[in-house]
Structure formats: C-alpha cells, structure tokens
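Participant: Mind folding the following:
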Amino acid sequence: VLFRSAEVVKTFGECKAYLNSKKNNQDKIIQEYTQGRHFGVEVYGNKSFIFEISLNNYGITSPKQSIKLSGGLTKKQEDALYKIVRKVQEKLKSQGVLQFDFILSENKWFLIEINPRLSGMTNAVLVSSEKSVFELLWELSKKSIYAKKNVSKITEGRKKEVLSLKLPILKAEILKKINDLKIAEKIYQIENLEAKQEREKGFSEIILSGKHIKEIKDKMNLLEKIIKNSESQETTETKETTKIQETATNQETATNQETTETLRNSENSASAETIKAFSSAKEQFESMLKHHIQSDCPKKQFHTKSL
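Facilitator: Okay, here's the model as predicted:
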C-alpha cells in the first residue's frame, strides 16, 4: 500500500498499524503498492517529454536528492504510453500542459496521477527541447491538438539526452567550478534560509546533457570529483582553522569552546550531507542505466492508432 507523500507500507498489518498510530492525523488516500520503474511525462499538446525519475522512501521525488533521466524506453513501450496519454487528453478535452506520473511494471503501464500544470520536470524539458517555456507554450497556443491531422500521432520532443540532478544547497565555490568547466548546461539554486523546516530551505538543480548517454556519464564522473574534492578540501581547511583558533583562544571559557565545537560539527555534517546525496544520486543513475534504451537524437516521431 502506498501513502502518497506520507508513508510506504507493504502489508495489511503495517497499513492498519499506521492508520491507528499518532502519525495519522489527517485523512489519507490509500493506493495499491506497484513495484516498477517510475516515469514522468510532460505533455504540451501533442509534444511529449519522458523522464525516468527516482523516488525516496516516502514514494515521492525529493527536492534535495533526486534524478530525472530522459528517454530509456523501447519504441513499443513509448507507443503504449502515448496511447494512454492521448486517451486522457481526449477524455478531458485538454489543450494545455499536462504532467503524468506512471509506473512501468512487468511491461505494463500504470497511471498514478495527472497534474494540469508545469512541474519539477520543466527545467529538464527546456534543456531537452532546446526551447524556452515561453516558446513551448506559444507553439501550443497556435494550434489545436484536435486538428484532424494530429489526432493519431504524438511527437517526441526530445532533441538530446538529459539528466537532471537535485542536491542540497551547494556552496558558491562548487557552483563556480561547475560553471567554469562547462559541465552543466543549466544550474539552478533556490535558497530560502528563513524557512523553518530544513527541507524547505532550498536545493540545487544541475542539468547535464549530451547527444548520447556516455557524454552524460563522463560529465557525472567529473562532477563527482568536483563535489568530493571541494567538500573534503573544505573540511580539511575547517579543521586547520579551528586548531589555530583553539590555540589562540586557550583562555576562553568552557561555554565558548562548546560553541566552537558545535559550529565545527555543523560545517562537517553539511559537507557529509552533500556527498551522501550525490553518492545516492549516482547509484540511482547507474541503476537506471542497466535498463536504459539509447534512442536516436534529434527528435523522432511515434505513431499510434486512432482511439
């Protein structure tokens, strides 16, 4: 059973225990747990963008550690997916942007939810399409998806392979190195340090791209070196600075010494959080590559039969 945005349980007993626990303080939607690969699809009329996405232990995409990898499907799998998307569009009479969440389990598609808006995938979509969000929306506004010639086809909008990587807030030095070496096509950093909850204080999104997955793999390896070297170097410098400060302030009170120790531990734990998040993201990326299907770029068209 899956509690969206709350808890994942896998037996009836666990489900009952959760519902009767103090953690359950509001109404819940209970969904059958479906094991499989998770995909997000953002659709602009008859132009779609597919990304395999990673989830955390709560069954959601975490803004502080997640990845989205373009494509990865066979033509047969894509055709089956597009057939579902087209049917939903026709039933809803939708002519705007839709974002779908799917699970591919035992070669069957399961539709989880639909959002009538732009999404957390949009930045990756823009890199993949080589267009701005305004261009995509303008193209969408100029034509109806119900024009007779478009009824039976959906176009894959991807022009390049893309990997979107979300991590905790990165320090300016790391962002500068990534930018200087031109590893990432786009870098976004959202900061809200006044937020009360740690998870709401912000995140970094690094978008890598290439004509082939191998290019992204090479960039991912280089990114790993930058992050780990920068963080380990900073930790070493912090320790050396702290030693000098402790020698110079040997006469300070015990209270000040405790404060120095607390600050040092806080800085080290922040570095550890970044490295841990990146290592987890790389594991997810490598896991996706095991069943990722390399498709041709630039874009190609896929056809479905009329419904």
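Participant: Grab the nearest non-local neighbour of residue 222.
Facilitator: residue 183 (5.7 Å; CB to CB, 6 or more residues apart in numbering). C-beta coordinates here come from the backbone N, C-alpha and C atoms, glycine included.
Participant: er, residue 165 I mean
Facilitator: residue 206 (4.7 Å).
Participant: partners of that neighbour in the sheet?
Facilitator: When assigned by DSSP bridges, residue 206 has beta-bridge partners residue 165, residue 187.
Participant: Double-check that the residue nearest to residue 222 belongs to a strand.
Facilitator: No - counting by DSSP: H, G, I helix; E, B strand; the rest coil, residue 183 is not part of a strand but coil.
Participant: Identify the residues contacting it.
Facilitator: 208, 219, 222-223, 226 (CB atoms under 8 Å, 6 or more residues apart in numbering).
Participant: quick revisit: assess the claim that the residue nearest to residue 165 and residue 179 are in contact.
Facilitator: No - counting by CB atoms under 8 Å, residue 206 sits too far from residue 179 to count as a contact (10.2 Å).
Participant: These two: who's more crowded?
Facilitator: The neighbour comparison of residue 206 against residue 179 (other CB atoms under 10 Å) goes to residue 206, with 26 against 11.
Participant: got the contact list for the more buried one?
Facilitator: 164-167, 178, 184, 186-187, 223.
Participant: filter the contacts of residue 183 to the buried ones?
Facilitator: Among the contacts of residue 183, those classed as buried by 16 or more other CB atoms under 10 Å are 208, 219, 223, 226.
Participant: gap between the last one and residue 188?
Facilitator: When you say that, I think you mean residue 226. 17 Å (CB to CB, to the nearest Å).
Participant: Name the residues of stretch 160-179 that come out as buried.
Facilitator: For stretch 160-179, by 16+ other CB under 10 Å, it's 160-170, 174-175, 177-178.
Participant: Just those residues: which are in helices?
Facilitator: 174-175, 177-178 (DSSP state H).
Participant: Can you lay out those residues as JSON lines showing pLDDT and distance to residue 40?
Facilitator: Converted to JSON lines, those look like this (pLDDT from 0 to 100; distance: CB to CB, whole Å):
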{"residue": "174", "pLDDT": "92", "distance to residue 40": "27"}
{"residue": "175", "pLDDT": "93", "distance to residue 40": "26"}
{"residue": "177", "pLDDT": "93", "distance to residue 40": "30"}
{"residue": "178", "pLDDT": "93", "distance to residue 40": "24"}
